[in-house]
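[1] Model the structure of this input:
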Amino acid sequence: MRARVLVVLGVVCALALTACGSQPSDDMQIGTAAVAATPAVAPAQTAKLKGTVLPLTEHATAAAVDQSTGTLAVAADKAVLLYSLRDLTAKPTKIALDGSAVELDSVSPGVLHAVVGDPGRLVTIQLPKGTAQVTDVKGAPASTAEYRGATLVALRDRQGVGVIRGGQIQQLVVGGLYSADQVLVTPNGVALLDRRRTAIFDVDLDKGMIGAGLRAGLGSSHAVVDRYGRVLVTDTRGGALLAFTVNPVLLRQNYPVPGAPYAIAYDPERDLAWVTLTSKNEVVGYDVAGGEPTEKYRFATVRQPNAVAVDPADGRVIVASGVGAGVQVVEL
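    Numbers count the residues shown, from 1 in each chain. Reported below is the predicted structural model:
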């Protein structure tokens, strides 16, 4: 099947929204209720699985790889588990949290952020030992990114982006959002994914405002930035992989991906975007270097593949189950 590839030019004027007011417009809302997309409920997995499955009975919510230390981090229930990718047989280090981490962000070599929405906590973990420092963050933090020496944090309940310096929010950028769910830093500027509005927005930190926004499918879930500066977004409800450029926000690609695509990870060494299909218990690796995504790999996964990560050092892809079916590590 060929991709639906769309380059947005004049149509931006019809779809874009300058979101500076206190109350969001409904220009980009689909349906009568703004409800964030969720992963499909996966069927039982009967296929033979490739790779190694590490036992994990907890429910995984996020996964990340720190290439500099060879560490795999998996957030499950109220803990973060640190595995050595150089010795998967070793017992993982467990870091207890006072809530479930909604996101794991590898913000710099050897430094990981575990984002706990309730209660609002940002847990900075030094790898590989697992030394943790906790920062209280009001407003249901959802994700983080490093930008110009500061930490940006998407604040779901406060509907904006906070700028943290010295352990405190020094600036809060709001305007026209239903929910601030994922903040992303690209070479062309900062972007924000709003899952309730299923839209992506420019964020102008210098002016302290949320900029233009554009609809991101029928129900977007997760996003990554590739080495070309594009924001790749999974459209779970619409069954698609979207590619945007920002500043201004433009939709560049809309590629069909049946199976309720949900989690996504990007391998910059191989230009592979790994996307989990929660209704099929599969993960697919797409080459995104060309004019449209090209499927290179497809593997059966542990049941309910709600989290995915990739090790750029050797291309290993890691899938974590959201129903306690383990952590799968697959070598290419």
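[2] give me phi/psi at the closest residue to residue 147 other than its chain neighbours?
    Of all residues not flanking residue 147 in the chain, residue 185 sits nearest, at 5.0 Å (CB to CB, 6 or more residues apart in numbering). Every residue, glycine included, has its C-beta placed from N, CA and C. Dihedral pair for residue 185: phi -110, psi 120, per degrees, to the nearest 10.
[3] How much space separates residue 185 from residue 146?
    For residue 185, the distance to residue 146 equals 7 Å [CB to CB, to the nearest Å].
[4] shared neighbours of the two, which are they?
    residue 152 (CB atoms under 8 Å, 6 or more residues apart in numbering).
[5] separation between the closest residue to residue 230 other than its chain neighbours and residue 270?
    Once flanking residues are discounted, residue 230 sits nearest to residue 243: 4.9 Å by CB to CB, 6+ apart. When distance is defined by CB to CB, residue 243 is 17 Å away from residue 270.
[6] Of those two, which one has the most company?
    residue 243 (23 against 16; other CB atoms under 10 Å).
[7] Who are the contact partners of the more buried one?
    Residue 243 neighbours (CB under 8 Å, 6+ apart): 230, 231, 232, 233, 251, 252, 253, 255, 288.
[8] same thing with residue 284?
    257, 274, 275, 277, 295, 297, 298.
[9] List the contacts of the helix or strand where the fifth one lies.
    In the assignment (DSSP states H and E), residue 295 maps to strand 294-300. Strand 294-300 has contacts (CB under 8 Å, 6+ apart) with 45, 47-51, 272, 281-287, 317, 330, 332.
[10] give the contact list for residue 317.
    265, 274, 283, 285, 297, 299, 308-311, 329-330, 332.
[11] how about the nearest residue to residue 169, chain neighbours excluded?
    Closest to residue 169 by CB to CB, 6+ apart is residue 162, at 4.2 Å.
[12] Check whether that neighbour really touches residue 147, as I assumed.
    No: using CB atoms under 8 Å, residue 162 makes no contact with residue 147, being 11.6 Å away.
[13] More neighbours: these two, which one.
    Counted by other CB under 10 Å, residue 162 and residue 147 do not tie: residue 162 has more neighbours, with 26 against 18.
[14] Can you list the strands that whichever strand or helix holds residue 146 pairs with?
    Assessed by DSSP H and E, residue 146 sits inside strand 141-147. Strand 141-147 has its sheet partners listed here by DSSP bridges as strand 150-155 (antiparallel).
[15] Now the strand it pairs with - C-alpha only, PDB.
    This file holds the C-alpha atoms of strand 150-155, laid out as PDB (Å, rounded to 0.1, in the frame of the first residue of the first chain):
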ATOM      1  CA  ALA A 150      16.900  24.400  31.100                       C
ATOM      2  CA  THR A 151      14.500  21.600  31.600                       C
ATOM      3  CA  LEU A 152      11.200  21.900  29.800                       C
ATOM      4  CA  VAL A 153       8.300  20.000  31.300                       C
ATOM      5  CA  ALA A 154       4.800  19.500  29.700                       C
ATOM      6  CA  LEU A 155       2.200  20.100  32.500                       C
END
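[16] Strand partners (parallel or antiparallel) of the next helix or strand after it?
    Next in sequence after strand 150-155, counting helices and strands by DSSP H and E, comes strand 160-165. When pairing is defined by DSSP bridges, strand 160-165 lines up against strand 150-155 (antiparallel), strand 168-174 (antiparallel).
[17] Show me where the stretch 151-300 of the chain dips below the pLDDT cut-off.
    Residue ranges of the stretch 151-300 of the chain with pLDDT under 70: none are present.
[18] Where do the strands of it begin and end?
    Secondary structure of the stretch 151-300 of the chain by DSSP state E, counting those that start in this stretch: the strands cover 160-165, 168-174, 182-186, 189-194, 199-204, 209-215, 220-225, 231-235, 240-245, 250-256, 261-267, 272-277, 282-287, 294-300.
[19] for the stretch 1-150 of the chain, same thing?
    Using DSSP E, counting those that start in this stretch, strands in the stretch 1-150 of the chain cover 17-18, 52-54, 60-66, 71-76, 79-84, 93-96, 101-108, 111-116, 121-126, 131-136, 141-147, 150-155.
[20] Switch these over to TSV; also include distance to residue 170.
    Output for the strands of the stretch 1-150 of the chain, formatted as TSV (distance: least, CB to CB, whole Å):
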stretch	distance to residue 170
strand 17-18	25
strand 52-54	40
strand 60-66	26
strand 71-76	27
strand 79-84	27
strand 93-96	27
strand 101-108	17
strand 111-116	17
strand 121-126	14
strand 131-136	13
strand 141-147	13
strand 150-155	8
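[21] Lowest mean pLDDT across the ones you listed, which one is that?
    Among those, strand 17-18 carries the lowest mean pLDDT, at a mean of 40.
[22] Is it correct that residue 114 is in contact with residue 75?
    Yes: using CB under 8 Å, residue 114 makes contact with residue 75 at a distance of 6.3 Å.
[23] list residues touching both of the two?
    In contact with both residue 114 and residue 75: 101, 103, 104, using CB under 8 Å, 6+ apart.
[24] Thanks a lot, catch you later.
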